[in-house]
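K.L.:
here is my input; please provide its structure:
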Amino acid sequence: MLVPLAGAVALAVLLGVAAFVIFNREHDCSAGKLPLRVVASPDIQPALSKIAKSYNEDMHSIDSQCVEVTVAKETSARVASAVAAGKFDGDVWVPDSSLILSRLSTRSVEQGGVPEPAGSIASSPVVLATAKSSAAKLTGTLKPSWVNLVAAANVANPDGPGKKVRVVALDPQKSSAGMAALMAASGVARKAGQSKALVGALKELSTQVAADSAALLASLTVRSGSRVPVGVSSEQAIHVHNTKKPDTPAVALYPAEGTLSLDYPLTVFTKDLAGQKAAADFRQALSEESALKVLRAQGFRDPDGTAGETLSEAKGFNPAAPKALPAPDPKTVASVSQTWTRLNLGTRLLTLLDVSGTMALPVPGTNLTRMQAISKIATEGLTLFPADSEMGVWMFSTHLDGHGKDWKEIVSVGPLTERIDGVLRKEVLAKELSTVQAKPTGDTGLNDTLKAAYTEMTKTYARDRINTILILTDGAGNDDPDGGVSDTEILRFLKENYNPERPVSILLIAFGPEAETGKRQMDALARATGGEAYIAKDPMQVRDFFLQGFERRLCSPNCDS
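P.N.:
Numbering: from 1, shown residues only. All right, here's what the predicted structure looks like:
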């Protein structure tokens, strides 16, 4: 009976030795450790660290070295800056979106560009979000869609859904979810012929950006009168918010047109051959079911959109993968990014207000004088500009100040939030515009005034702002019995003094029956500085005119080339 037992023991020992030899061949650390430094977006870093811990414990060996993965967190925007400067010190980068890579794709790797990514390791759709407690109020007010979100945010449409909805955005320069939302909204809006509405929305949203997803989602429960706050966020960020703040949960609203997703592309930067092998091995581990399970548990979807139990309907999500909008190409990403940047340059605006005698005449079909109509246009335009704008007003007519000058400063150019004798400049402007009177015996004197204003705005040019002169007139042109600057002279002056490197543009809005007769000269004045001239049939048209003025920021100073 002992012989068979001894044989069994011997076999067991032999098999154990073989297993030990095989194990050590696959987990050979005889040459030490092979460090692999992964830098990941903060939202996915905790999951990757957990996966890396298990990976390291399994002793994956490359060239007799055991791979030791560490995962550091850093925002994708900061890493992108480091990459562009050639100062990225990681072996592998996992940003939250390929949109980040698109911005760098025109550069070579030596110039701080990026290698071709090794595929997506997870995904999270960018969706609309609102507080669960407010979701019912949106029924019938805002059907979840990018077009409706644009309409609600459009500053030039105060009577639209914006009366009931307050839209909060993420800064696309700092947040990939914000950039994805911008790309999705701009693509859908332009396809629907809503370019002007998009410009109005982007201008308004520049003043409504949250620092990050956590701040945005927390703000959704903040009361804002009767308006329901709606924001944009990645689906995964909503899951994290609800986990941390179960008493004030948010719900995901999926845009009807579809959306873009954060796709977490893994990109290998190390040039070391062993490091590249290690990166490939870790990439393979990330695609295994055990790793995907960790990612799903933290609110991510698989690269193909498959959701885990954390994204259930009971928790405010739609487990089915939303329709995917076409991924934008690098050129479109660059163009839309530039759109946001240019639209969000501050405004520095000097308004020249016509108070000549003809402004006291009535507007046919209304109970308004031309002066009252122009003042209404100016007041309406004032509401379209954010609080950080700098504005001032001159009025003009011949011999206005008693010393031969055809202009008089009513309010100096400065920040709307600055106080003048204890009163905010914005309030002073509104008061002056509502009480200004036409000078019954005054002629127009536009050209002398414009020359002085252009000289002043050029001398005090602000590089961080869009510098504009707004002329509000009844369109009678220059009428100066004393001579002064002629039409030919003012055009020559503007052309000689316009500097595309320091552009001061002219936006001219005329209102009155004589406006058409002066349109040719008005167009010439505006276009000499890359600006535009408009004739208003109704004071409310000013919203469209200002939006068109904002649109010209996107092409300035080459709008007419």
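K.L.:
look up how far Ser213 lies from the closest residue to Gly299 other than its chain neighbours.
P.N.:
Excluding its sequence neighbours, the residue lying closest to Gly299 (Cβ to Cβ, 6 or more residues apart in numbering) is His239, at 3.1 Å. Every residue, glycine included, has its C-beta placed from N, CA and C. Distance from His239 to Ser213, counting by Cβ to Cβ, to the nearest Å: 11 Å.
K.L.:
same question, Glu456
P.N.:
As judged by Cβ to Cβ, Glu456 and Ser213 stand 44 Å apart.
K.L.:
so for the residue nearest to the spatial centre of the chain, what's the pLDDT?
P.N.:
In the chain, the C-alpha nearest the mean C-alpha coordinate belongs to Pro172, at 4.3 Å (Cα atoms, centre = their mean). Pro172 is assigned 90 on the pLDDT scale.
K.L.:
and it, how far from Ala237?
P.N.:
15 Å.
K.L.:
could you do Leu36 as well?
P.N.:
Separation of Leu36 from Ala237 (Cβ to Cβ) stands at 27 Å.
K.L.:
and the pLDDT at Ser234?
P.N.:
Ser234 is assigned a pLDDT of 97 by the prediction.
K.L.:
beta partners of it?
P.N.:
Beta-bridge partners recorded for Ser234 (DSSP bridges): Val126.
K.L.:
since we're on Asn158, how many residues are nearby?
P.N.:
Quick fix: residue 158 is Pro, not Asn. 12 (other Cβ atoms under 10 Å).
K.L.:
and it, helix, strand or coil?
P.N.:
Secondary structure, DSSP: H, G, I helix; E, B strand; the rest coil: Pro158 is coil.
K.L.:
can you show me the strands along the stretch 251-400 of the chain?
P.N.:
Secondary structure of the stretch 251-400 of the chain, counting by DSSP state E, counting those that start in this stretch: strands at 261-262, 267-268, 346-354, 390-396.
K.L.:
and those, which one's lowest on average pLDDT?
P.N.:
Here the lowest mean pLDDT among the strands of the stretch 251-400 of the chain goes to strand 346-354, at a mean of 90.
K.L.:
so where is the stretch 351-500 of the chain shaky, pLDDT-wise?
P.N.:
402-403, 476-477, 479-481, 483 (pLDDT under 70).
K.L.:
which parts of it are helices?
P.N.:
Under the criterion DSSP state H, counting those that start in this stretch, the stretch 351-500 of the chain contains helices at 370-382, 425-435, 446-459, 487-497.
K.L.:
isn't the residue nearest to the centre of the chain right up against Ser337?
P.N.:
Yes. With contacts counted by Cβ atoms under 8 Å, Pro172 reaches Ser337, the gap being 6.9 Å.
K.L.:
intersection of neighbour lists for those two?
P.N.:
Shared contacts of Pro172 and Ser337, defined by Cβ atoms under 8 Å, 6 or more residues apart in numbering, comprise Met179.
K.L.:
and Phe545, which of the three is it?
P.N.:
What three-state DSSP gives for Phe545 is helix.
K.L.:
now it. Nearest residue, chain neighbours left out?
P.N.:
If the residues on either side of it in the chain are set aside, Phe545 comes closest to Tyr534, at 4.6 Å by Cβ to Cβ, 6+ apart.
K.L.:
residues in contact with the one you found?
P.N.:
Neighbouring residues of Tyr534 by Cβ under 8 Å, 6+ apart: 507-510, 541, 545, 548.
K.L.:
make a ChimeraX selection of whichever of those turn out to be buried.
P.N.:
Selection of buried members from the contacts of Tyr534 for ChimeraX, criterion 16 or more other Cβ atoms under 10 Å:
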select :507,508,509,510,541,545
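K.L.:
in stretch 360-377, what counts as buried?
P.N.:
Within stretch 360-377, the residues scored as buried using 16+ other Cβ under 10 Å are 360, 363, 369-377.
K.L.:
what does it rub up against?
P.N.:
Identification of contacts with stretch 360-377 by Cβ under 8 Å, 6+ apart yields 353-355, 358-359, 433-434, 436-438, 440, 472-474, 509, 511-513, 536, 539, 542.
K.L.:
filter those down to the buried ones and hand me the PyMOL line.
P.N.:
Only the buried members of the contacts of stretch 360-377 end up in this PyMOL selection, burial being decided by 16+ other Cβ under 10 Å:
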select buried, resi 353+354+355+358+359+433+436+438+472+473+474+509+511+512+536+539+542
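K.L.:
before we move on, back to that, looking at Glu456 and Ser213, which has the bigger crowd around it?
P.N.:
Ser213 (23 against 17).
K.L.:
need the contact list for the more buried one.
P.N.:
Counting by Cβ under 8 Å, 6+ apart, Ser213 has contacts 43, 170, 175, 177, 233-234, 237, 241.
K.L.:
sort out for me which of the residues you listed are in helices.
P.N.:
Secondary structure from DSSP state H places 177, 237, 241 of the contacts of Ser213 in helices.
K.L.:
nearest spatial neighbour of the last one, chain-adjacent residues omitted?
P.N.:
To tie it back to what came earlier, the one meant is His241. Leu217 (4.2 Å).
K.L.:
who touches the nearest residue to Leu170 once chain neighbours are set aside in this structure?
P.N.:
Spatial nearest neighbour of Leu170, excluding adjacent residues (Cβ to Cβ, 6+ apart): Gly178 at 3.1 Å. Contact analysis of Gly178 by Cβ under 8 Å, 6+ apart lists 169-172, 209, 232.
K.L.:
understood, closing this out.
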